[in-house]
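Student: I'd like to go over a predicted model; first the sequence, then the structure.
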Amino acid sequence: MWQAGKTAALKKRYELIVHARSFFRPPSPDSKGFRCMRVDEVIGWRHDLYPAAIAYGDTLGFGYGLQTAAALGQQDPQALGYAQQCLANNQFLRSLKSLIGMTWHYGPRTALSVPAWYAKAKALPPSHYRLPAPNSGHISAGPISTACASVVI
C-alpha cells in the first residue's frame, strides 16, 4: 500500500480499491458509544461478525486510512477525507491497538511509520468527502457496481 503513489498504474488500482470499499463502511457506535465507521462484514469483507471491525479506509487496522492518505495525498481527496474523518471521530489511536504486542516484522515496521502518516495526513488541506459513501444504501448497475466487480477486494 505504501508504494501506491510510486507508479500511475498501481496508484489508479489502489484508488479503485479504496473507492469500492467505501460503499461498505456504514456508521455505527463503537464500544463506548462514540461514532465510528464499520465494515459491512457480510458483503464487504466476507465474514459474519457483528459488530464488525472499525474501518475508515481500505484496511481494518494499522492507521485506519492514514496510510492511504499519506500514500495518495491530495491526488485522492476521497481517501484523504476518510482519513480526516477518522481523526475527527477520534478513532485513530484505537486502530493502533492492534500493533501492540506484534512481534512479526509488519508490526514494528508499521508502528515506526505511523508518525509520518499522521503528520502527512494532518498537513494536507481539508477534504469534504466523508463516509458513508454517497448513495451507499444500494448498489445499482453503474459505476459503483462496475468498480466493485472489477476489483478483488
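Tutor: That came in fine, so what should we check first?
Student: When you work out contacts or count neighbours from here on, use the C-alpha atoms and nothing else.
Tutor: Will do.
Student: tally of neighbours for A121?
Tutor: 26 (other CA atoms under 10 Å).
Student: Provide the secondary structure category for it.
Tutor: At A121 the chain is in helix, as set by DSSP: H, G, I helix; E, B strand; the rest coil.
Student: what's the burial count for A9?
Tutor: Neighbour count for A9, taken as other CA under 10 Å: 11.
Student: now do Q74
Tutor: For Q74, the neighbour count with other CA under 10 Å is 17.
Student: show me the residues around it that make contact.
Tutor: Neighbouring residues of Q74 by CA atoms under 8 Å, 6 or more residues apart in numbering: 80, 124-125.
Student: And the residue nearest the centre of this protein?
Tutor: By CA atoms, centre = their mean, the mean C-alpha position of the chain lies nearest to G57, the distance being 0.5 Å.
Student: ranking the contacts of Q74 by neighbours, who comes first?
Tutor: Most neighbours among the contacts of Q74, by other CA under 10 Å: L80, with 31 neighbours.
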